[in-house]
Each structure stands twice: as C-alpha cells, then as structure tokens.
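1. Quick one, what's the 3D model for this:
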Amino acid sequence: MEQLLAGLAERRITMSIFHYIQAGISFAAFFSACILLIQPQLSKYQRWKPAFWTLAGILLFQAGLLLTGQEALLFTLLPVSAYLPMILCFHFLSAMSFFQTCIAWVVGFLIRFILEFLCKTLSTYSVIAFRSFGMPGWQFHILVIVIQLFTAVGLVLIVFYRIRKPFHHYTKGMEKLWITLLLPCLLAFLLLSYFFNSLVNPTVLILTLLISLSLFFILAQILILTVSLGETRKAEQAAQWKLEMLRRDYHSIQQKIELNRVYRHDMRHHLAALDEMLQRNDNEDAKQYILDLKEKLVGLTRPTWCRNTAVNAVLGAYIEQAQEKNCQVSTHISIPADLPFDETDLCVVIANALENAVHACQKLPEGPHTIQLEMDLTRNQRLTISVSNPCPQPVTFDSDGFPAVPPRKGHGLGLRSIRTVADKYGGLFRCQWEAGSFSLQVVLFPPARELPVHPASRPKRAAAVITGLLFCLVLVNSSPGLASALEAVPVLGPVIHVMDWRSYFSGWGDSELAVSQPKLAGEGLTSEASSSLQEANSQIEAFVSQMEKQFLWYASRKYNGYTSIDMDYSVLRDDSALFILRFYAVINAGGSVEYSRYVVWDKAAARILTLKDLFLPEANYIFPISREIKAQMSEQINAGKGAYFLPGGIWREEDCFQAIDADQDFYIDSNNHLVIAFEAYTVAPGSMGNPEFVIPASCLGGLLAEPSLLK
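-> This next block holds a predicted model:
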C-alpha cells in the first residue's frame, strides 16, 4: 500500500520540481539584468561579498520553507523572501542614486514578468495539444523550461549589448531627468504586478505577454534614442565650438593682414631710412634696422601645422594659448588634408588634450614647460594622437583608466569626452605616468564602410496584408462578443472560428490546469489483479479527459470571465478489506461545480469493484436502490431539507430522476454501507451540491453476492 500511495504523489512532486526550476530561471535572469545595469561603488572583490551572503540567506530561507512542507507559502513569499532582499542589496552596492537604482531593478522585474507570463501562456495554449498527441506531462514541462531558458538568455543578452551602455550614459549625463524614465517604468511595474496573480483569461494573458515584451523593447529604444539625442546635442555644441575656433582664427588672420597692409604702406619710409644709413656708411645701424623689421614681419606670418583646415585652426588657437602661458608646444604632425574621421571628433580630442596639458603645466613652478604633441595617420588609416606634459607627482588610475582624483564639478569631463570619441571609432584610450611625465595616447580606427542599402525584396502590399491579418486576429480574440456575433454570419463564420484561439485551446486554473492524477501500481499481483489496476487507471484517465472537455465548454465564449479547474484525489478508506480513492475536480466559472469519481479496490479479491459486482448475477438491483433513493428524496423535500428532480413538482418530466445507471458511481463507507453518489445538477439543483444516499442492506435482501461487503 505504501507503493500505491507513492504512486499517487509522484505527479505532484514532479510538478513541484518543474515549478522550482522555472522560479529559479526567472530569479537568475532578474539578478543578471540588475548586475549588468547597476554601477557598483565598491571594488570588484568587495562587491561580491554582500551579494554572496544575500543569495546564501535567500537560499537558506527557501530551503527552510521547503523542508517544513510550506511549498505553497514558498512561492507566495518569493517577492518578499527573495526579490526584496536582493533589491536592498543592490541599493547598498550601487554608486548610482536611489531612483536610478530603482530603474535598474524595475528592468529586472520586467524581464521576470515576461518569463513568468511566457510560462503561463505556454501552459495555457499548449497543454491540450500535447495531451491530444499523448505526450507525457513531464516532457511538456521540460519543453516549457527550455523555451523559458532560451528566452531568459536572449533578454539578458539584449540588456548587455543594447541597454547597458545607453543606461550608464543616461545615468551619468542626465542626473536631473531620471523622473522621465522612472515614472513610466514604475507604473508598468505596478500594473504588471497587479495582473501577475490575477490573470486567468487566456486572451488577456497573451496580450499582457505581448505588452510586457513591447514595454521592454520600448524602454531599450527610449534609452538608445535618448543617448543618441544627447550625443547629437554634444555634436552640435562641438560644431559651434569648432566654428568659434575658426572665427577666432579668421579674426587673427584679418588682424595680421591689416598689419601687413600698414607695414607695406610704411615700407617706403623704411627704405628711405635705410638709404640714408647706407649713404653715411652706417652699416651696423642699417643691419640692426633690418633685423628689427624682420622680427616684426615674422609675427605677420600665419603658422601652418597640418593640411587639414579644421585641425590646423584648433592647433593654432590652443598652441597660441599655451605660448601665452609660458608653455612651449613641440609638435610632430603628419596628417593629410582629408581624414576618414569626423573633424568635430578630432577637434574634441585635440582641444581637450592640449587644454588639460596646459592646466597641468600651470600648476607647476614657474619656468618654461614643454608639451609634446604627436599626430600620425598610418597606412592602414589609423590615427594616433599622443600628448605628454611634465608631471613630477605620481598619478594613480581607477578601474576605467582615468586619473584617480577627488571628484570636483566639471573635473574629468575632458578625458571622458576623449574616451567617448575613442569608443565611437572602436579605438584605444590610455593614460600613463612614467618618469615624471603624464602622457595620453589615443588611437582611432577608421569606420567600416557602409554597405549599399538595397530596396526591400518584399512588396509593401504584402506587408500591409500581413499587418491587417494580425490586427484582425488580435481584434477577434480580444473581443469575445464580436467573435461570437461574427461566427453567426453564414460565410464569414467558419473563417472567424479558425481565427479564434479559443476554438483550439483554453485556460487552465490560474493559466493552467491543476491536476494531481494518481497512478495505481503494485508488485506481485496476479494477471487478473494487474488487469483490474489497468482498468482503474483507464477510468481515471477517462475522468481526466471528461473534465478537460467540460472545462473547455466552460472556458469557451459562454464564460468569458474567470475559469479554472483543480483536480485532486483523496484516500477515503484504507483498511484490511477495502481501499477507496475519491478523485474529484472543481471547476470555477463565476460559481463552482464539483465532479467526482470513486475507485473501490477489494483487497481480498485484488480487483476494482463495480456496482454490479456487489450483487448476484442477473439480480435486478437497480429498482430497489432507485426506490430507496426516491423515498429519501421525498422525505427530505417534505422536511424542507432539500430539493430534488422528482415528478409532480415544478420540474419537467424529462429532467426528473427515474432510476440509477447500471454502473452508477458508488463507494462503501466505514460502516460498510452502500453509498450511491450523483454529480451536481443530475438529480437536484446546484445548491444541493453532489447528492449522496446511504442504502440500507435491508433494502437489498436476497440480491447481495456472498460473501458480501455490505452490512
């Protein structure tokens, strides 16, 4: 008998294991997404200690609930016992603000909702199809877990490749605009949290899954577009700054041209003075006069650093500033007029590098300081830029390669702008201190050539048709009343029936059919006993199939609200004579309806009993049992304790109870009395539930088989 009970619980244990795995995958995806988005404030080794101990505490708490048999409580408390401690740990580890960290874990929760809704949707719309092909339940759940795992990996990879960098740029560059992103994320989180445990309608469930996916991709696109907009604004500012540099260079040239005109006008006076000196043989004074004129004319010459106009303008402006602050700039520049890079980006790198070098030299003691600038374009179109300046104090660097200095407003933005340009071209960025010199090296790789865009191979008309069909599909399944009305149209009806998802599938419980189906088994049985056990299992399978069909009827468009079914079993009797199993199903559709089946196992005969097995062959047991049941019904009606479908009342004749079936459902209670069981609505209104009638053995005198199990 222990093996028999173990067989009854086997399916329940298997279902629990799959639920644990699904919950673990969802939590792992949540954890991974948050880790990728949050910028920690601790070092690499310090940050893992709080995370490790938090995870250990969560696992120990779940294990405690599991060992104490609180399985239902375990899943109910997951948001509080697992996700909440992890969120608090993320806030502790995060170097971002409170609200920015909230956005990170809301994104993680959004991924969790997508995975959970996906599992519910797959269970809702696929379990019947798999059952129709005879696939075991465990294979179906493995398929669901595999799909969930691949989806989780895909979503985490999207966070890593598409959301992580834009999110970090957003949190760094737009600290005051966090509310524009947090508010919709928080509202989506609250809405999905509400629907997470309340959705049972299959159509609303799949629409909610699509909405969750849409929110996830919309959030990713918002981050990408926001960062792109910020980069566009920075590019505009850089362009304006470039124009300002060119304007200053233009004014400088204009001033020198004006001075040149003045010197040209005064040239005849200078020549006259020289002629006078030479006539007096005053060669030394004439030579000194010529040197003075030459020195003045040198200031009128505009230096050319390279062939590129924009780069030359920036170099001229910042080298001139350096010279004004007693800093000499030694240059080695070898670049052509045309470069494979955006000139604005080059100006950003050169200007910020020279400006930082000049500021560093100003902090040093008085004296001329030399800044080294090298620019070279290699044969493979790679541009190398190197700027070095004196720095007697050693410099330490953080994990990102920037100088580790106390944070100050506006400090470090120049190097970060240079790093952004290097990342844009997939290049290299390096700061280094060595032997009293600070150097910055940047290498820019040429952008890949864009492939020519070919026109779409599919015509726009086909895309419009597909879009229209998808719209009709969603409209039909989101409007049950409309679907029912259209199905009544003679020609259009079959088409609508095909498009209606509910024609094929249904929801099961809270998005799935909760079945605890026993599997009767035993060892050392005779062939007749084994055959009897197979018959019992067949009866159970038939009952499950009947309940599925009944559930489909309730879940169809006739009942568009909450519809669920819970199927379970209980051991009604287990003694030396009999083993009686009650298998029942409760369907909830507005109200609740219960169906049941009894399996009676005769231990002495090692077989499953039917009602006729209790009586002699050819005995007419239907009439006396039916007569006794009618008498009990009349007695209860007269006493005001019940209502039954008996002739002579308000019920139609064809609805009234006439007699029991030959294979009527029954069981034998602990007093060895025969109990006849009816399903709801068969012999009485639904308010009477599942009527049962105890049949005294005195009503069956001379009909019982010997030895009899009834008393």
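2. Find the least confident helix or strand in the protein, judged by mean pLDDT.
-> Taking mean pLDDT, DSSP states H and E as the measure, the chain has strand 514-515 as its least confident helix or strand, at a mean of 47.
3. Restricting to C-alpha, output stretch 424-438 in PDB.
-> Presented in PDB, the C-alpha positions along stretch 424-438 are these (Å, rounded to 0.1, in the frame of the first residue of the first chain):
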ATOM      1  CA  LYS A 424      32.900  55.700 -31.100                       C
ATOM      2  CA  TYR A 425      35.600  54.600 -33.600                       C
ATOM      3  CA  GLY A 426      36.400  51.300 -31.700                       C
ATOM      4  CA  GLY A 427      39.800  52.800 -30.800                       C
ATOM      5  CA  LEU A 428      42.100  52.800 -27.900                       C
ATOM      6  CA  PHE A 429      42.400  55.200 -25.000                       C
ATOM      7  CA  ARG A 430      45.300  55.100 -22.500                       C
ATOM      8  CA  CYS A 431      46.600  57.400 -19.800                       C
ATOM      9  CA  GLN A 432      50.000  56.700 -18.400                       C
ATOM     10  CA  TRP A 433      52.500  58.300 -15.900                       C
ATOM     11  CA  GLU A 434      56.200  57.400 -16.200                       C
ATOM     12  CA  ALA A 435      59.400  59.100 -15.100                       C
ATOM     13  CA  GLY A 436      57.800  62.500 -14.200                       C
ATOM     14  CA  SER A 437      55.700  62.700 -17.400                       C
ATOM     15  CA  PHE A 438      52.000  62.200 -17.900                       C
END
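4. Can you tell me the element Q148 falls in?
-> helix 137-158 (DSSP states H and E).
5. same question for that helix, mean pLDDT?
-> In this model, helix 137-158 has a mean pLDDT of 83.
6. other SSEs contacting it?
-> Other helices and strands packing on helix 137-158, by 3 or more C-beta pairs under 8 Å, 6 or more residues apart in numbering; DSSP states H and E, are helix 2-37, helix 98-132, helix 202-265. For glycine as for every other residue, the C-beta is placed from the backbone atoms N, C-alpha and C.
7. repeat that for 6 Å
-> helix 2-37, helix 98-132 (3 or more C-beta pairs under 6 Å, 6 or more residues apart in numbering; DSSP states H and E).
8. Lowest average pLDDT across the ones you listed?
-> helix 2-37 (a mean of 70).
9. Tally up the residues packed near L278, please.
-> If you count neighbours by other C-beta atoms under 10 Å, L278 ends up with 12.
10. Just the pLDDT for it.
-> In this model, L278 carries a pLDDT of 75.
11. Leaving out sequence neighbours, find the closest residue to it.
-> A286 (5.7 Å; C-beta to C-beta, 6 or more residues apart in numbering).
12. what's the spacing between the one you found and A272?
-> From A286 over to A272 the distance is 12 Å, taken as C-beta to C-beta, to the nearest Å.
13. more crowded one of these two?
-> Using other C-beta under 10 Å as the criterion, A286 and A272 rank with A286 on top: 17 against 10.
14. That one - that's part of a strand, no?
-> No: under the criterion used here (DSSP: H, G, I helix; E, B strand; the rest coil), A286 is helix, not part of a strand.
15. And it, how far from D292?
-> 11 Å.
16. Repeat that for F52.
-> Counting by C-beta to C-beta, the gap from F52 to D292 is 78 Å.
17. Then Q240?
-> Between Q240 and D292 the computed distance is 41 Å (C-beta to C-beta).
18. Next: L78.
-> Taken as C-beta to C-beta, the span from L78 to D292 is 89 Å.
19. who touches stretch 655-664?
-> Residues outside stretch 655-664 that contact it (C-beta atoms under 6 Å, 6 or more residues apart in numbering) are T610, L611, I622, I625, S626, F645, L646, P647, I676, V683.
20. Would you map out the domains in the protein?
-> By the assignment in automatic domain parsing, the chain contains the domains 7-39+94-234, 303-444, 460-503, 506-608, 610-711.
21. Those: lowest mean pLDDT?
-> domain 460-503 (a mean of 58).
22. quick revisit: what comes up buried for the helix holding Q148?
-> G137, F140, H141, V144, I145, Q148, L149, T151, A152, L155, V156, I158 (16 or more other C-beta atoms under 10 Å).
23. Output it as PDB - backbone C-alpha positions only.
-> C-alpha atoms of helix 137-158 as PDB (Å, rounded to 0.1, in the frame of the first residue of the first chain):
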ATOM      1  CA  GLY A 137       3.300  15.900 -18.900                       C
ATOM      2  CA  TRP A 138       7.000  15.900 -17.800                       C
ATOM      3  CA  GLN A 139       8.100  16.200 -21.400                       C
ATOM      4  CA  PHE A 140       5.800  19.200 -21.900                       C
ATOM      5  CA  HIS A 141       7.200  20.900 -18.800                       C
ATOM      6  CA  ILE A 142      10.800  20.300 -20.000                       C
ATOM      7  CA  LEU A 143       9.900  21.900 -23.300                       C
ATOM      8  CA  VAL A 144       8.500  24.900 -21.400                       C
ATOM      9  CA  ILE A 145      11.600  25.200 -19.300                       C
ATOM     10  CA  VAL A 146      13.900  25.000 -22.400                       C
ATOM     11  CA  ILE A 147      11.900  27.800 -24.000                       C
ATOM     12  CA  GLN A 148      12.000  29.900 -20.800                       C
ATOM     13  CA  LEU A 149      15.800  29.400 -20.500                       C
ATOM     14  CA  PHE A 150      16.500  30.500 -24.100                       C
ATOM     15  CA  THR A 151      14.200  33.500 -23.700                       C
ATOM     16  CA  ALA A 152      15.900  34.500 -20.400                       C
ATOM     17  CA  VAL A 153      19.400  34.200 -22.100                       C
ATOM     18  CA  GLY A 154      18.100  36.300 -25.000                       C
ATOM     19  CA  LEU A 155      16.700  39.000 -22.800                       C
ATOM     20  CA  VAL A 156      19.900  39.200 -20.700                       C
ATOM     21  CA  LEU A 157      22.000  39.500 -23.800                       C
ATOM     22  CA  ILE A 158      19.800  42.300 -25.000                       C
END
